[in-house]
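Student: Sequence first, then the predicted structure, then my questions.
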Amino acid sequence: MRTEGATNLNPELVEFICARALMLPLIPRGTLATALKYEIEAEERVDWRIPSYDNLVKIISSARNHHSPLDEPWSLSCLAKKEYPIPSEALPTVMEVYRKRLAENDVLTIREALWIGRLYGVIEPKDLVYDWAFRYAIHEIISEESEKPFKSRELDLEMIRNPHAARETQREIAIWNIATEYGADPVKLKDLNLSIEETEEIAKSGKCKKEAQNER
């Protein structure tokens with residue numbers, strides 16, 4: 001696999017990078033760019049060319065700098081706005097997530113709240129609603145960033161065939177955060193296929209320590 005400029009990248013790869021950038025907003029872009037380079041290599045996709053470090057940083061920055069009113073924090077005052085409808089039967093689920101976010105000093109975006117309202121009643125069990133709302137929100141942002149119509153057919157099929165697949169997204173986020181905290185290799189940690197608790201213990205032990213890597 002050779003290094004490519006951003007303009008020559010497979011669109012699916014660009015989406016992959018953007019999704020990581022949005023799923024992992026607290027990881028510095030340089031740290032994420034370096035780790036992503038090795039994750040892309042591990043995928044061994046012949047149609048994926050490895051972006052240069054500078055282009056990885058640019059793609060990450062572009063995804064994170066994308067902003068619209070939908071990415072503002074949601075609050076109960078949004079219910080008074082006709083453009084942000086939440087069905088009354090979905091509101092308890094939205095409020096459950098909202099309370100959790102407030103307790104964690106985090107935010108629930110308007111975009112995510114809207115997707116919870118749309119997916120409520122579609123997904124079983126109910127505790128998977130937020131996981132899928134998060135994924136739909138990310139893919140919608142990527143579509144806006146690429147100035148392409150948002151088409152969710154592939155995501156819809158995945159949700160229908162395997163509702164629990166969204167949990168893997170949350171698992172990957174947890175593993176990346178653990179790897180960042182303890183200086184471990186996220187790809188190696190993921191490949192262990194252990195519980196989050198066991199993964200954290202391995203990361204603490206230094207057994208999956210990230211090797212010294214040249215960013216350029």
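Tutor: The structure has been received and is ready for your questions.
Student: Walk me through the domains of this protein.
Tutor: Structural domains assigned to the chain are 1-65, 69-163, 165-216, following automatic domain parsing.
Student: starting at the chain centroid, how far to the first one?
Tutor: Centre-to-centre, domain 1-65 and its host chain are 13 Å apart (C-alpha atoms, centre = their mean, to the nearest Å).
Student: so for it, what's the average pLDDT?
Tutor: Per-residue pLDDT over domain 1-65 has a mean of 82.
Student: And the residue of the chain most remote from its centre, how close does it get to Asp156?
Tutor: The outermost residue of the chain relative to its centre, with distances by C-alpha atoms, centre = their mean, is Ala80 at 29.2 Å. Between Ala80 and Asp156 the distance is 31 Å, computed by C-beta to C-beta, to the nearest Å. Bear in mind the C-beta positions are built from the backbone N, C-alpha and C, glycine included.
Student: before we move on, what about Asn193?
Tutor: With the distance defined as C-beta to C-beta, Asn193 ends up 27 Å from Asp156.
Student: And Phe134, by the same measure?
Tutor: Phe134 sits 15 Å away from Asp156, going by C-beta to C-beta.
Student: Please say which of the two ends up with more neighbours.
Tutor: Legend: neighbour count by other C-beta atoms under 10 Å for Phe134 and Asp156, higher for Phe134 (22 against 12).
Student: Just the C-alphas of the helix or strand where that one lies, formatted as PDB.
Tutor: Secondary structure assignment for Phe134, by DSSP states H and E: helix 129-145. As requested, C-alpha coordinates have been extracted for helix 129-145 and formatted as PDB (Å, rounded to 0.1, in the frame of the first residue of the first chain):
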ATOM      1  CA  VAL A 129     -31.700   3.200  20.200                       C
ATOM      2  CA  TYR A 130     -29.100   5.700  21.300                       C
ATOM      3  CA  ASP A 131     -26.200   3.600  19.800                       C
ATOM      4  CA  TRP A 132     -27.900   3.600  16.400                       C
ATOM      5  CA  ALA A 133     -28.900   7.300  16.700                       C
ATOM      6  CA  PHE A 134     -25.200   8.000  17.300                       C
ATOM      7  CA  ARG A 135     -24.200   6.100  14.100                       C
ATOM      8  CA  TYR A 136     -26.900   7.700  12.000                       C
ATOM      9  CA  ALA A 137     -25.900  11.100  13.200                       C
ATOM     10  CA  ILE A 138     -22.300  10.500  12.300                       C
ATOM     11  CA  HIS A 139     -23.100   9.300   8.800                       C
ATOM     12  CA  GLU A 140     -25.400  12.300   8.300                       C
ATOM     13  CA  ILE A 141     -22.600  14.600   9.200                       C
ATOM     14  CA  ILE A 142     -20.200  12.800   6.800                       C
ATOM     15  CA  SER A 143     -22.700  13.300   4.000                       C
ATOM     16  CA  GLU A 144     -23.000  17.000   4.700                       C
ATOM     17  CA  GLU A 145     -19.300  17.300   4.900                       C
END
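Student: C-terminal to it, what's the next element?
Tutor: Proceeding N to C from helix 129-145, the next assigned helix or strand is helix 153-161, under DSSP H and E.
Student: Return the alpha-carbon coordinates of that next one using PDB.
Tutor: Provided in PDB are the C-alpha atoms of helix 153-161 (Å, rounded to 0.1, in the frame of the first residue of the first chain):
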ATOM      1  CA  ARG A 153     -29.700   2.000   2.900                       C
ATOM      2  CA  GLU A 154     -26.500   0.200   3.900                       C
ATOM      3  CA  LEU A 155     -26.900   1.400   7.500                       C
ATOM      4  CA  ASP A 156     -30.500   0.400   7.400                       C
ATOM      5  CA  LEU A 157     -29.700  -3.100   6.300                       C
ATOM      6  CA  GLU A 158     -27.100  -3.500   9.000                       C
ATOM      7  CA  MET A 159     -29.500  -2.300  11.700                       C
ATOM      8  CA  ILE A 160     -32.200  -4.700  10.400                       C
ATOM      9  CA  ARG A 161     -29.900  -7.700  10.100                       C
END
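Student: This completes my enquiry, with thanks.
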